[in-house]
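S.K.: No letters, just coordinates:
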């Protein structure tokens, strides 16, 4: 069973990371190209602004889902550090459970929005595509983030209570060292 979760984990991570990177890259390139067209050639692509907004929206939401895996979202652990380890573990599990439920709700509401946009038949102004297409990001990105939050619940539940806060801090330090090491190796 763990093998299937590992495969699912890698798939979700790849999707989140790649869509975030591709979205931000294409958005920046498109915006830059349109600015050059506007100021150098006194022309522009009318649809570029709208598409850039959608690319950034997709990139931000899938990037946020990826952030759950890497543990890069802001968290304040000062209160948890003052509590007994078992109480800190329970509160951390409750926080991740709440996040999981909230993200699933957002995914469901995103799905409902898609159905509503399909029923209305609303079209985007500049791209002339159905509005439900760019809004597909909502259910998919939130499901990916919910998967990550659920994963954190299980990680914390299997961890020894004494190591919950220490492990959280060590992951952040390790990630920052990995980033610095990757920059050093590339240089």
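M.R.: Thanks, I have it. As the structure is a prediction and not an experimental result, all values here were calculated from the model. Residues are numbered from 1 along each chain as shown.

S.K.: Now the longest helix along the chain: average pLDDT?
M.R.: When the chain is parsed with DSSP state H, its longest helix is helix 2-40. Across helix 2-40, the average pLDDT comes to 83.

S.K.: Equivalent analysis for stretch 136-149, please.
M.R.: Rounded mean pLDDT across stretch 136-149 is 88.

S.K.: Same question for stretch 61-73.
M.R.: pLDDT averaged over stretch 61-73 gives 74.

S.K.: Distance from the chain centre to stretch 90-110, please.
M.R.: 14 Å (Cα atoms, centre = their mean, to the nearest Å).

S.K.: Contacts for it, please.
M.R.: Residues from elsewhere that reach stretch 90-110, judged by Cβ atoms under 8 Å, 6 or more residues apart in numbering: 80, 83, 135, 137-140, 142-143, 145-146, 149-150, 152-153, 156-157, 164, 168. From N, CA and C alone the C-beta is placed, and that goes for glycine too.

S.K.: same deal with stretch 39-46?
M.R.: 33-34, 37-38, 126.

S.K.: at 6 Å instead, please
M.R.: 34, 37-38, 126 (Cβ atoms under 6 Å, 6 or more residues apart in numbering).

S.K.: Of those - the most surrounded one?
M.R.: residue 34 (19 neighbours; other Cβ atoms under 10 Å).

S.K.: so it touches residue 49, yeah?
M.R.: No: assessed by Cβ atoms under 6 Å, residue 34 is found out of contact with residue 49, at 7.2 Å.

S.K.: hey, what's the nearest residue to residue 121 once chain neighbours are set aside bridged with?
M.R.: Excluding its sequence neighbours, the residue lying closest to residue 121 (Cβ to Cβ, 6 or more residues apart in numbering) is residue 130, at 7.2 Å. Residue 130 has these beta-bridge partners by DSSP bridges: residue 123.

S.K.: circling back: in the very next helix or strand once past the longest helix of the chain, what counts as buried?
M.R.: Going down the chain from helix 2-40, the next helix or strand is helix 48-70, by DSSP states H and E. Within helix 48-70, the residues scored as buried using 16 or more other Cβ atoms under 10 Å are 48, 50-52, 54-70.
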